[in-house]
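K.L.:
Got a predicted model here, sequence first, then my questions.
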Amino acid sequence: MMLPKAAKDPSCGAPKHTGLLREELLVFRHLLGLGENPSQIRLGPPLSNSSLKDILFVSIDVDGPRDFKCAENSPCLVGISILDTRRLQFYMTTISVAAKTRSALGNVENLIKSHQLQVGQSNHLSYRSSKFLFGETRQIKADKVKTYLQRLIKDRFFVLVTYGGGAADCIYLEGLRLGIRPLYHLDVLKVAQFPLQTYYRYSLAKILDALKLPWQDLHIAGNDARFTLHALLMTAVRDWNYRDDKPKSKPTPSTQVTLSSIKTIAKAWRIPDQDQPSLSFLFEDHIIKERVLLNPETRKNGKRLRPEKTPEEKAQRRERKKLAKEKRKLKEARRPQWLFNLGDLLDNE
């Protein structure tokens, strides 16, 4: 079994529970068709002609009062991100991994549907809701959140995804009384413990950095739910490199397509840049050069005109060049003589 260097080094003093292989990771492997079912729980039917399960990955994060039982109508933000394995299978089967078109790559980011709901009004929530990166925040009444979430799930089997246990998130969902229960609850912190060889609670930012995933404006409900799903997908790619039960030969074509597709989805989002589109990194031959606006008063032939130097500044520049030249000569005089004859000695040999 391959392990990271930190786990191999006995002098690092890592606890015995470093990198535990938890049931959550085994279940996640099975949902993606990368492993067997480790439990007796029925994890949904498989998709036709695919090893993927016919489910929804529903990532939820709630920002608000800690005790939702005592403050069900208190202002809060509810972030929801959903990845449908049917859409994932369609992307895997209809788009070639070797050569993806630009229009297809532009739609990769849209395979995950993200929503942010604002319940109630407060200045603090209004500011935080404006930081949502994946759409517009929707104002909604507390009694309408249940209907909104039910409409998103649409009587499908789903797996709940949270980060760090999501105690407050689960309390909020229990208060909604959806009438349906998830097939399984995946805590990304536990899923990533073996692939990242962790032994303490990483923050979401640290997990994303360890997986080399971009992120921005965390601690916003909608962004946390989305980036949690990104971390979950990228964990599967990282996990494949450290599995002890994978075949020694190259992975099968279907496994390669699965790993390549979820890696592309996890990395599709980039920090927005005003000067270039967020997906320009996907095209090596697509380089956007900064356009220089020509002003005839300040520029000539596309180059900025430097202000004319005064006689004093010109004299100072000549003096600096003279001192630098004398310094180089002094340095060469101190250099051993054999360095100058090294080329001749090599030629003679």
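P.N.:
On my side now, so go ahead.
K.L.:
what's around the closest residue to E109 other than its chain neighbours, how many residues?
P.N.:
Closest residue to E109 apart from its sequence neighbours, by Cβ to Cβ, 6 or more residues apart in numbering: A268 at 4.4 Å. Placement of C-beta: from N, CA and C, glycine included. A count of neighbours around A268, defined by other Cβ atoms under 10 Å, yields 20.
K.L.:
any idea which residue sits dead centre in the protein?
P.N.:
When Cα atoms, centre = their mean is applied to the chain, the residue found nearest the centroid is L213 (3.1 Å).
K.L.:
pretty sure that one belongs to a helix, no?
P.N.:
No - judged by DSSP: H, G, I helix; E, B strand; the rest coil, L213 forms no part of a helix; its state is coil.
K.L.:
For it, list the residues it contacts.
P.N.:
Neighbour list for L213: F227, H230, A231, M234, A266, K267 [criterion: Cβ atoms under 8 Å, 6 or more residues apart in numbering].
K.L.:
Just among those, which is most surrounded?
P.N.:
For the contacts of L213, neighbours were counted by other Cβ under 10 Å; the highest total belongs to F227, with 32 neighbours.
K.L.:
how about the helices in the chain?
P.N.:
Under the criterion DSSP state H, helices of the chain are mapped to 5-8, 23-31, 85-94, 102-106, 123-129, 145-153, 167-176, 188-191, 193-196, 204-210, 221-242, 253-266, 311-334, 342-348.
K.L.:
So which of these is nearest P75?
P.N.:
When the helices of the chain are ranked by proximity to P75, the top entry is helix 123-129, at 5.2 Å, counting by Cβ to Cβ.
K.L.:
buried stuff in the closest one?
P.N.:
Residues of helix 123-129 classed as buried: L125, R128, S129 (neighbour count, 16 or more other Cβ atoms under 10 Å).
K.L.:
just checking, the first one touches Q118?
P.N.:
What it means is L125. Yes - the pair L125 and Q118 qualifies as a contact (Cβ atoms under 8 Å) at a distance of 5.7 Å.
K.L.:
since we're on Y200, how many residues are nearby?
P.N.:
Counted with other Cβ under 10 Å, the burial measure for Y200 works out to 9 neighbours.
K.L.:
any idea how far it is from K206?
P.N.:
10 Å (Cβ to Cβ, to the nearest Å).
K.L.:
Could you do N223 as well?
P.N.:
Using Cβ to Cβ, we find N223 at a distance of 16 Å from K206.
K.L.:
S59 too?
P.N.:
Going from S59 to K206 by Cβ to Cβ gives 18 Å.
K.L.:
And for L88?
P.N.:
L88 sits 27 Å away from K206, taking Cβ to Cβ as the criterion.
K.L.:
between the two, who's got more neighbours?
P.N.:
For L88 against K206, the residue with the higher neighbour count under other Cβ under 10 Å is L88, and the figures read 22 against 12.
K.L.:
Run through the residues that contact the more buried one.
P.N.:
The contact partners of L88, taken as Cβ under 8 Å, 6+ apart, are L52, L111, S261, I262, I265.
K.L.:
one more time with 10 Å
P.N.:
L88 is in contact with L32, L47, S50, L52, F57, L111, I112, L233, T258, S261, I262, I265, counting by Cβ atoms under 10 Å, 6 or more residues apart in numbering.
K.L.:
State the number of residues packed around the closest residue to the third one other than its chain neighbours.
P.N.:
Which is S50. Leaving out its chain neighbours, the residue that sits closest to S50 by Cβ to Cβ, 6+ apart is Q89, at 5.1 Å. Counted with other Cβ under 10 Å, residues neighbouring Q89 total 19.
K.L.:
on that earlier part again, who touches both of L125 and Q118?
P.N.:
Common contacts of L125 and Q118 (Cβ under 10 Å, 6+ apart): D63, P75, C76, L77, T137, A221.
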